[in-house]
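1. predicted coordinates and the sequence they were generated for:
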Amino acid sequence: MKFWMQRVAMAILLLLSVSALTFGAMNVLGDPLFNILGPLAGDVNNPKSAALIEEVKAKYDLDKPLPVRYVKWLGDFATGDMGVQFSTDGQPPVSGLIKERIPRTITLLIMAQLLAVMISIPWAAITAARAGKRSDKISTMNSFFLLAMPNFALAILLKYIFSLKLGWFPLTYKAIDPYFERLRQIFLAAVTIALPAAAVYQRLLRTDLITTLQQDFILMARAKGLSRSRVIFRHAIRPSMFSFITVVGLNTGGLIGGSIVVETVFRIPGIGSSLVESVLREDFPVVLAIVILIALAFVIINVLVDILYSIIDPRVRR
Amino acid sequence: MSEETIIVSDSPDAEINAAIQKKIGWGFWLAISWVILITLLAILAPYLHLKDPRGYFIDIDGNGRPPYGPSFEHWFGTDKDARDIFARTLHGARISLIVGFSAISFGFLVGGTLGIIAGYFRGWLDKIISFTFIVLLSFPSLVLAIMLTALLNRSLFTISMILGILSIAPVGRLARASTLQFSDREFVLAARQIGASDSRIILRELLPNVVIPMSALALLGMAVAIVAEGGLAFLGLSVSQGITWGSLIQIGSDSATTLENAPWIAFFPILLLFLTVLSLNFAGDRLRSHLDVKESSL
């Protein structure tokens, strides 16, 4: 119990620091007044724009000290009020935009994660069974190539081959299409995220499988006359899954970062591409909301994995 | 037992040199050669009599409308404004490599210092520094980079610093872990018994031992920084107006028709970026397995 309380307290402290840091950076390094008013913000001598500046300052609480604004913003954020978009005169509000876009990113990430796991388990099993042989070496080389390919480059290659040349997948995402059609439209994006992740998972699971395969109970199973594949899939996989599960969990957060670039290449209107658009438009509340949401998801996933891990393996709870 | 033998067996240099000479393999040297070659080409790009990377080579009579495919005149072809891809790719290497190198240097300087301080002095200082690392690691790195580029100007210096900030936490954590591991070893205790000051112990005893296993991280970290810069440039958020691999790839892939009809515009920069990242990763990985640093601590 004490262990979990500590973890949760740490997570809350982290979330507060992360949000304070982001909020502070946005307000100190950036200039929210300029973002709202544009060049008018510097025009303090003109009484008309000076009045406008005062009005905006009062409306968005820009005249209050930073900690006060942070607390107020945090309260609003926690109740789902993320402010208004500057670039579209406030309609729809930021929370509306995010509500519309977040399901697409989550679908993409779940699909990518499922693909990565589905690819990596058989891949690891095959290479572990043939550790040190030629096919294993070729696979190691392949995963090296995959990991050296930046995700935007991989996205472009896949788009070129499978959308443009072979025509297997549509080029554009249409929000009005039926659900399964949209799944097909994000499939290539999911593959782009999944392939490097699968390479990471495979390397890890392969190493653990090789260790397991050297143990006595495997020899016993083989001696009973079980086939090789049965030994691997029935006996060896389960005790080798420990660090695999942890890394798959922790990596979910890492995939969010990858989705930013991939959504942009495949023109999927999710939160990642929305972050890039709002940065280019200097739309400060949208950037702030998305960065915080991503950091929140990241921290929460890490804590959940931590707790899950302590349930699977009680030794870490000490 | 003479004192000589203890010193010899404790000296990491001799062991490491022996390990490297024994079996680092030709792959390592091939990878390093590529990195050196591309660095030289990038440094010498303005003096190599390449075509002007910002020039337009429209040739209406001979080839019709640009983009032109790879030819003897334009080795890597041209983009749709008839700019020479070969010259642009080599010039693009300049920003990508400068950013990669300065980012990881900054990360080592700041992160390494913080990590060693945290590992050596421990106590509340360690708690604060470690917590800072955890906070930095709570953002997916690209998200943090995008946020900072949105707020700051996009000069070469700022982009390098931003990517440098991202490498502080991973470098710092490894430096802290190795410092913790070494600071209880006999040679450190002996130095302390003799009355050596903290700064002397850190600089003369700990630093050499901590830096060597981290040299692999320098290569891997440079690869990460180059990819991150490419990603930012691809999104239009890296050095403004700069020619970099990321921005070249973006130009070649921003519309489906360009990518379909003139794939060389994006593919040649992708190839160079890929080879460079592959080489750095491979060299770093070989070096790491030879210095025997645990994978999990990277």
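-> Sure thing, it's come through.

2. number of nearby residues for the residue nearest to residue A:165 when sequence neighbours are not counted?
-> In this structure, residue A:165 finds its nearest non-sequential neighbour in residue B:260, 7.8 Å apart by CB to CB, 6 or more residues apart in numbering or on different chains. C-betas here are computed from N, CA, C, even on glycine. Neighbourhood size, residue B:260 [other CB atoms under 10 Å in any protein chain shown]: 14.

3. mind giving me the packing neighbours of the helix or strand hosting residue B:260?
-> Using DSSP states H and E, residue B:260 sits within helix B:256-261. Packing partners of helix B:256-261 (3 or more CB pairs under 8 Å, 6 or more residues apart in numbering or on different chains; DSSP states H and E): helix B:245-253.

4. so which bits of the stretch 1-150 of chain A are right by chain B?
-> Neighbours of chain B within the stretch 1-150 of chain A, by CB under 8 Å from any CB of the partner chain: A:14, A:17-18, A:21-22, A:25-26, A:29-30, A:144-145, A:147-150.

5. tell me the least confident of the residues you listed?
-> Among the residues of the stretch 1-150 of chain A next to chain B, residue A:30 carries the weakest pLDDT, at 72.

6. and the residue of the stretch 101-250 of chain B found nearest chain A, what does it touch?
-> Relative to chain A, the nearest point of the stretch 101-250 of chain B is residue B:140 (3.2 Å; CB to the nearest CB). Residue B:140 is in contact with A:253, A:254, A:256, A:257, A:294, A:298, counting by CB atoms under 8 Å, 6 or more residues apart in numbering or on different chains.

7. and chain B, which of the residues you listed reach it?
-> Residues of the contacts of residue B:140 in contact with chain B (CB under 8 Å from any CB): A:253, A:254, A:256, A:257, A:294, A:298.

8. and the helix or strand containing the fifth one, what does it pack onto?
-> When you say that, I think you mean residue A:294. Counting by DSSP H and E, the element that carries residue A:294 is helix A:284-312. With contacts defined as 3+ CB pairs under 8 Å, 6+ apart, helix A:284-312 has these neighbours: helix A:2-28, helix A:94-129, helix A:242-265, helix A:271-280, helix B:141-151.

9. how about that helix: buried residues?
-> For helix A:284-312, a neighbour-count test (16 or more other CB atoms under 10 Å in any protein chain shown) marks A:284-299, A:301-303, A:305-306, A:309-310 as buried.

10. quick one: contacts for residue 70?
-> Because you didn't say which chain, this covers chain A. Contacts of residue A:70 (CB under 8 Å, 6+ apart): A:20, A:23, A:24.

11. you looked at the wrong chain, it should be chain B
-> B:76, B:77, B:264.

12. helix or strand: which one has it?
-> Going by DSSP H and E, residue B:70 is not in any helix or strand.

13. same question, residue B:51
-> Using DSSP H and E, residue B:51 maps to neither a helix nor a strand.

14. spatially nearest residue to it, not counting backbone neighbours?
-> Leaving aside its sequence neighbours, residue B:51 sits nearest to residue B:84 (CB to CB, 6+ apart; 4.0 Å).

15. can you pull the pLDDT of the one you found?
-> pLDDT, residue B:84: 78.

16. may I have the phi/psi pair for it?
-> phi -70, psi 120 (degrees, to the nearest 10).

17. so what sits opposite it in the bridge?
-> Counting by DSSP bridges, residue B:84 forms beta bridges with residue B:78.

18. among the residues of the stretch 1-150 of chain A next to chain B, who's most crowded?
-> With neighbours taken as other CB under 10 Å, the top of these is residue A:150, carrying 25 neighbours.

19. how close does it get to residue A:237?
-> Going from residue A:150 to residue A:237 by CB to CB, to the nearest Å gives 32 Å.

20. now residue B:198
-> Counting by CB to CB, the gap from residue B:198 to residue A:237 is 50 Å.

21. tell me which of those two has more neighbours.
-> Neighbour count, other CB under 10 Å: between residue B:198 and residue A:237, residue A:237 has more, with 19 against 11.

22. ok now do that one, which residues does it touch?
-> A:121, A:125, A:209.

23. look up how far residue A:233 lies from the first one.
-> Going back to what we said before, that points to residue A:121. In this structure, residue A:121 and residue A:233 are 9 Å apart, going by CB to CB.

24. quick one on the thing from earlier: state the mean pLDDT of the helix holding residue A:294.
-> Averaged over helix A:284-312, pLDDT sits at 82.

25. same thing with stretch A:192-212?
-> For stretch A:192-212, the per-residue pLDDT averages 89.

26. in chain A, what residue sits furthest out from the centroid?
-> Distance from the C-alpha centroid of chain A peaks at residue A:47, with 47.2 Å (CA atoms, centre = their mean).

27. so what pLDDT did that residue get?
-> We have a pLDDT of 73 for residue A:47.

28. got the phi and psi for it?
-> Per-residue torsions, residue A:47: phi -60, psi -30 (degrees, to the nearest 10).

29. not counting its neighbours along the chain, what's nearest residue A:205?
-> Nearest residue to residue A:205, sequence neighbours excluded (CB to CB, 6+ apart): residue A:124, at 3.7 Å.

30. looking at residue B:56 now. What's its pLDDT?
-> The model reports residue B:56 with a pLDDT of 70.

31. so it touches residue B:81, yeah?
-> Yes: using CB atoms under 8 Å, residue B:56 is in contact with residue B:81, at 5.8 Å.

32. low pLDDT regions in the stretch 151-298 of chain B?
-> B:292-298 (pLDDT under 70).

33. spell out which parts of it neighbour chain A.
-> By the rule CB under 8 Å from any CB, the part of the stretch 151-298 of chain B lying against chain A is B:151-152, B:223, B:227, B:230-231, B:234-237, B:246, B:249, B:253, B:256, B:259-260, B:263, B:266, B:270, B:273-274, B:277-278, B:281-282, B:285.

34. among the contacts of residue A:237, who's most crowded?
-> Scoring the contacts of residue A:237 on neighbours with other CB under 10 Å, the highest-scoring entry is residue A:209 at 24 neighbours.

35. for it, give me its contacts.
-> Residues in contact with residue A:209 (CB under 8 Å, 6+ apart) are A:124, A:125, A:128, A:232, A:236, A:237, A:240.

36. residue B:131: how many residues sit nearby?
-> Neighbourhood size, residue B:131 [other CB under 10 Å]: 14.

37. tell me the spacing between it and residue A:209.
-> On the measure of CB to CB, residue B:131 and residue A:209 end up 36 Å apart.

38. same check, this time on residue A:189
-> 30 Å.

39. next one: residue B:27
-> Residue B:27 is 25 Å from residue A:209, where distance means CB to CB.

40. go ahead and confirm residue B:243 touches residue B:92.
-> Yes: with contact defined as CB under 8 Å, residue B:243 reaches residue B:92; the gap is 4.8 Å.

41. what's the local residue count around the closest residue to residue A:231 other than its chain neighbours?
-> Closest residue to residue A:231 apart from its sequence neighbours, by CB to CB, 6+ apart: residue A:221 at 4.9 Å. Using other CB under 10 Å, residue A:221 has 18 neighbouring residues.

42. tell me which residue is most central in chain B.
-> Centroid check for chain B by CA atoms, centre = their mean gives residue B:222 as the closest residue, at 0.8 Å.

43. assign that residue to helix, strand or coil.
-> Three-state call for residue B:222 (DSSP: H, G, I helix; E, B strand; the rest coil): helix.

44. name the residues that touch stretch A:155-171?
-> A:149, A:184-185, A:187-189, A:191-192, A:261-262, A:265-266, B:249, B:253, B:256, B:259-260, B:263, B:266, B:270.

45. do that again at 7 Å, thanks
-> Stretch A:155-171 is contacted by residues A:184-185, A:187-188, A:191-192, A:262, A:265-266, B:249, B:253, B:256, B:259-260, B:263, B:266, B:270 when judged by CB atoms under 7 Å, 6 or more residues apart in numbering or on different chains.

46. alright, I will stop here.
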